[in-house]
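*Asks:* Please work out how this folds:
(2 chains)
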Number of protein chains: 2
Amino acid sequence: MSLNDTPRAMRLHIGLFGRRNSGKSSLINALTGQHVATVSDVPGTTTDPVYKSMEIHGIGPVVFIDTAGFDDSGSLGALRVERTRDAAKETDIALVLLSTGLDDGAGAAGNEDAFRWLEQLKRRGVPAISVISRIDESTAAASLAQVIEARTGERPVLVSAATGEGLAALRAEIARHLPEDYRARSITAEVCESGDAVLLVMPQDIQAPKGRLILPQVQTLRELLDRKCLVSCCTTDCLPAMLASMAKAPDLVITDSQAFRTVHALLPAGCRLTSFSVLFAAFKGDAPFFAESARLLRALPANAKILIAEACTHKPLREDIGRVKLPRLLKKVLGDAITVTVTAGRDFPEDLTPFDIVIHCGACMFNRAYVMSRVAACRSAHVPMTNYGMAIAALLGILDDVAIPGVD
Amino acid sequence: MSLNDTPRAMRLHIGLFGRRNSGKSSLINALTGQHVATVSDVPGTTTDPVYKSMEIHGIGPVVFIDTAGFDDSGSLGALRVERTRDAAKETDIALVLLSTGLDDGAGAAGNEDAFRWLEQLKRRGVPAISVISRIDESTAAASLAQVIEARTGERPVLVSAATGEGLAALRAEIARHLPEDYRARSITAEVCESGDAVLLVMPQDIQAPKGRLILPQVQTLRELLDRKCLVSCCTTDCLPAMLASMAKAPDLVITDSQAFRTVHALLPAGCRLTSFSVLFAAFKGDAPFFAESARLLRALPANAKILIAEACTHKPLREDIGRVKLPRLLKKVLGDAITVTVTAGRDFPEDLTPFDIVIHCGACMFNRAYVMSRVAACRSAHVPMTNYGMAIAALLGILDDVAIPGVD
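*Replies:* Take a look at the predicted model:
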C-alpha cells in the first residue's frame, strides 16, 4: 500500500478475459513488470479478481483486472465465473485473449467462448481488443489472426509475455481505445469556474478515522486547487464564522449532504449550493436520471419499497448515513409504512422490480463503468435510481436550490 | 488497502519480539482476530517484518509488528535479525515473548535472548512488557513467571493464543504502558489557536498523483478542522488573490517549504508563517535540535559533507525536493565544493561521523519513534540534524521568521 497512490476507482480499468491458461496473468505480469513499476498488488482470494495497478506512459494510472477463466469448472467455478461477469461491469477497456493452443492451432473451436465475450462486451459498449497470446509457443498465430479478423472485422494484437513481442503494440492499442471523455472528466467543472471562491463544509465528527479526510473531500479539494480556485474549508458549526471572515460571499458552497439543511439556511444570496455526494453522483453516474428520480421521492406510495445501495463495506458507523440517518429521514417524510432494504459492496439484487426506487451512495469506491452498469440495470427494470445527496435534498424540499452537473 | 484507514505512521506501533516459535504470529492473530476486525494486512517478504493494523477499544488505531526470531539462523538469518533490530526503532511499546517450551520448562536458559532484549529496550526508553505465551501447552508457566519477576522486577502477562486466556489482561497492560503524550500530540497546537484563520499554501504541480493530496497536507487540514479553525487553501500562484478575498489577514500561513520564499515576500503584517515540513519535523522529531542544527548550515565549511535522508522510496519525481531542488539550493548558497549524499527509505549510515550535517525529510511515512532513533544516532555521533523545511528557511535567510513548535 502506498499512501500516495491514485485512488483505484479513478484509474482506467483494463479487464483481461480468456479461458484458463490463455495467458492472462503472464500478460499482466509482462505489462506491469517489464517497462514500469507495479505500484500495488491486491492479492485476490480464490474467487475474487486480482487487481494490479500501474502507470502507463501516455495513458496514466490504470488498473489491470485478472479474472478467472470463462471455463473454470472447479468447485468454486460457478462463483468465479459470476465474479468474472461482475468484473466486466467495471471494465473500461477489455482485452480478450485467444490462443492457438486451444484446438488444432488454426481454427476457432477452442476460442468460441472468447468470440462470445467479444460480442457481449461490444454490445454493452465496452471497447474490446482481441489478443492472441503466447505466440512464442506456436507458429499458428497468423492463421488464427486471419480467423479472428474474418469473424470480428478487426485485427487482433499478437503478443508474447515470454519474449515481450507485441507489448508495445498492445499498449498503443489500449491508448487508441481510451473512452473519449476519459481525460476530460471533471468533478466540479459544471458547477464553478476556474478561479472561483469555493467553500467546502466538511463535518469530521463521524466520518473519517484520525488523520484522514474521506476520499470525495480529498478528490474535490485537489481538483479545485488544480483549477486555481480559492478554497475555504470548515466544519458545519464554523460556517457562520467562515462566511464572516470572507471579504465577499463565495461563488459556490459544497457541503456534506448531511449538513444540507443547515447550510441551505445560511447560504448567502447569489451563492450556488451543491454537495460532495451530488457531484460524485454526476461524476460516476447519470445525473439527469438521478435528478428526475429524486423528484419522484416525495410522491411515492405509503408502502413504498426502497433499496439503499452503499458501496462501502465498512462496519456501520454510529449514525451511519446509509444505514441509520437516511432511513430515518425517509420514514419521517414518507411515513413508517415504507420498507427500506440496505445492500453493501457488490451485493445488488438481480431482480430490481420489487423496488419503487434505488438510492445509491456517492460510490467513491466504485468506478464510473460499474455505477453505470447499475444505472443500466435500473433503467431496464424501469426502476428510478437516485443518490444520497439528491435524495436528502429532495426530502428536505430544497432540490431545486441545488446545483447538479448536467442538469438545467 | 482501505482508503479510509488511519495512516500507519500515526498508529501506536506495538512490536513483538521473541525466539522463533515463541508464538508471536499466533498472538497477533489472536489479538487481531478475536475481538476486533483486522483492517489491513501488509504481507512481509522473507526478510521484512509483517505489519497488522487494527483498532483496540480504548487505545485507538495500532499496528502490530511481527518480527523474525532473535535466533533466526536460515540463509537470510542475519538480514532478518538486522530487520528485527530496525523494527525495534519504530516500536512504541514492545511485547517480549518468553516461553516454557524452550528449555526444561521452569528455568531461564532458553529465554536468555529475551532477557537481553528486555534490557536493551528498556535502556532505550521503550516500554517493554514481558509475556509468557502458549500457557495452554505447559504447566510450567507459573514457575517461569517467578523467574521473570525475580530477574526483571515485573510480573509477566500469561497468555494463550489458542484459548484466548490472558488477552484482555494483555490489552489492559498495553493501555497502561501508553506513552504519556501519545493522545495529546498535535501537529498545529503550538502554532495556532482553536478557531484561528489558517491559510494553507499547497502547490500541486509535482507532488501528488491525480486525485490525491500528500499526507502532511491531509493530516494538517484534518487536525485544523477538528480544532475548529477556518481554513483556506490555495496554490502558490493564487496566494495574492486568496489574501485579497479575506476580510482580514489570516493568523497563520502554512506553506509547502518549496514556496517559502514567495510566501514570505507576500506575508501580511502580523501573520505567522511556518511550513508543513517544519510542523512535521516537530511532530515526528526533535524541533529544538533541528532548529539549532539549521542555524549552523550557512557556517559549514566549503567542503562540507551533507547527508540528505528521504523517507519515501518513490521513483524520483521531476524536480524532486530531496534529490534535485535541495541539493541545488545547498550548492547555490554553500558553493560547489560541498558533497551531498542522498539516502532513501530505511537506508541510513551506521557511521554518521563523516557527515557535517544530516537533513531529514518531514518523515510522513515514518513514526515518531523511528525518527527519534535517528535523532539519537546523530546526537551520539555529535552530528547536527535538521529537516528540509528548516534547512530551506535557513538557506533563504528567513528561519527567524518561521514559527517552529517548541522553539521561539
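*Asks:* touching chain B at all, stretch A:222-239?
*Replies:* Yes - Stretch A:222-239 comes into contact with chain B (Cβ under 8 Å from any Cβ of the partner chain), by way of A:222-223, A:225-226, A:228-235, A:237-238. Just so you know, the C-beta spots here come from the backbone N, C-alpha and C atoms, and that holds for glycine as well.
*Asks:* Out of these, list just those in strands.
*Replies:* Secondary structure of these is defined by DSSP state E; positions in strands are A:230-234.
*Asks:* can you list those residues in JSON lines and add pLDDT?
*Replies:* Written out in JSON lines, the entries for these read as follows (pLDDT from 0 to 100):
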{"residue": "A:230", "pLDDT": "98"}
{"residue": "A:231", "pLDDT": "98"}
{"residue": "A:232", "pLDDT": "98"}
{"residue": "A:233", "pLDDT": "98"}
{"residue": "A:234", "pLDDT": "97"}
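*Asks:* With neighbour count as added columns, please give these in JSON lines.
*Replies:* As requested, these are exported to JSON lines (neighbours: other Cβ atoms under 10 Å in any protein chain shown):
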{"residue": "A:230", "neighbour count": "26"}
{"residue": "A:231", "neighbour count": "26"}
{"residue": "A:232", "neighbour count": "27"}
{"residue": "A:233", "neighbour count": "26"}
{"residue": "A:234", "neighbour count": "24"}
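*Asks:* okay if I get those as TSV plus distance to residue A:215?
*Replies:* Listed next are those as TSV, based on distance: Cβ to Cβ, whole Å:
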residue	distance to residue A:215
A:230	23
A:231	17
A:232	20
A:233	15
A:234	19
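*Asks:* and which of the residues you listed is nearest residue B:135?
*Replies:* Out of those, the one with the shortest distance to residue B:135 is residue A:233. That distance is 51.8 Å, counting by Cβ to Cβ.
*Asks:* For that closest one, give me its contacts.
*Replies:* Contact partners of residue A:233, counting by Cβ atoms under 8 Å, 6 or more residues apart in numbering or on different chains, are A:199-200, A:202, A:221, B:221, B:225, B:231-233.
*Asks:* Repeat that for residue A:322.
*Replies:* Residues in contact with residue A:322, defined by Cβ under 8 Å, 6+ apart, are A:308, A:310, A:342, A:344, A:361, A:388.
*Asks:* since we're on the closest residue in space to residue A:247 that isn't next to it in sequence, how many residues are nearby?
*Replies:* Closest residue to residue A:247 apart from its sequence neighbours, by Cβ to Cβ, 6 or more residues apart in numbering or on different chains: residue B:247 at 4.9 Å. Using other Cβ atoms under 10 Å in any protein chain shown, residue B:247 is surrounded by 11 other residues.
*Asks:* Roughly how far does residue B:247 sit from residue A:55?
*Replies:* 43 Å (Cβ to Cβ, to the nearest Å).
*Asks:* cool, residue A:291 as well?
*Replies:* For residue A:291, the distance to residue A:55 equals 36 Å [Cβ to Cβ].
*Asks:* Ok, residue A:142 next?
*Replies:* For residue A:142, the distance to residue A:55 (Cβ to Cβ) stands at 33 Å.
*Asks:* between the two, which one's more packed in?
*Replies:* Here residue A:142 and residue A:55 are compared on neighbour count by other Cβ under 10 Å; more neighbours surround residue A:55, at 18 against 13.
*Asks:* who does that one bridge with?
*Replies:* Note on residue A:55: beta-bridge partners residue A:61, judged by DSSP bridges.
*Asks:* Surely it and residue A:32 touch.
*Replies:* No - look at residue A:55 against residue A:32 with Cβ atoms under 8 Å: they stay out of range, at 9.9 Å.
*Asks:* thinking again about what came up before, return the member of the residues of stretch A:222-239 next to chain B nearest to residue B:148.
*Replies:* Of these, the one sitting nearest to residue B:148 (Cβ to Cβ) turns out to be residue A:235, at 49.5 Å.
*Asks:* my guess is the closest one contacts residue A:202, does it?
*Replies:* Yes - with contact defined as Cβ under 8 Å, residue A:235 and residue A:202 form a contacting pair (6.5 Å).
*Asks:* These two: which is more packed in?
*Replies:* residue A:202 (26 against 22).
*Asks:* In contact with the more buried one, which residues?
*Replies:* With contact set as Cβ under 8 Å, 6+ apart, residue A:202 has these partners: A:213, A:217, A:233-235, A:256, B:225.
*Asks:* Apply 10 Å and report the result again.
*Replies:* For residue A:202, the residues meeting the contact criterion (Cβ atoms under 10 Å, 6 or more residues apart in numbering or on different chains) are A:208, A:213-214, A:216-217, A:220-221, A:233-236, A:254-256, A:259, A:276, B:221-222, B:225, B:231.
*Asks:* Over to residue A:169?
*Replies:* Per Cβ under 10 Å, 6+ apart, neighbours of residue A:169: A:131, A:157-159.
*Asks:* Please, where are all the helices along the stretch 201-350 of chain A?
*Replies:* Listed in chain order, the helices of the stretch 201-350 of chain A (DSSP state H, counting those that start in this stretch) span residues A:215-226, A:239-244, A:260-266, A:276-284, A:287-294, A:326-334.
*Asks:* can you redo these as a markdown table with mean neighbour count?
*Replies:* Formatted as a markdown table, the entries for the helices of the stretch 201-350 of chain A read as follows, by neighbours: other Cβ under 10 Å:
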| stretch | mean neighbour count |
| --- | --- |
| helix A:215-226 | 22 |
| helix A:239-244 | 17 |
| helix A:260-266 | 17 |
| helix A:276-284 | 27 |
| helix A:287-294 | 21 |
| helix A:326-334 | 17 |
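*Asks:* Let's have those helices in a markdown table, adding mean pLDDT and distance to residue B:184.
*Replies:* Conversion of those to a markdown table gives the following (pLDDT from 0 to 100; distance: least, Cβ to Cβ, whole Å):
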| stretch | mean pLDDT | distance to residue B:184 |
| --- | --- | --- |
| helix A:215-226 | 93 | 26 |
| helix A:239-244 | 98 | 26 |
| helix A:260-266 | 97 | 31 |
| helix A:276-284 | 93 | 31 |
| helix A:287-294 | 96 | 45 |
| helix A:326-334 | 95 | 36 |
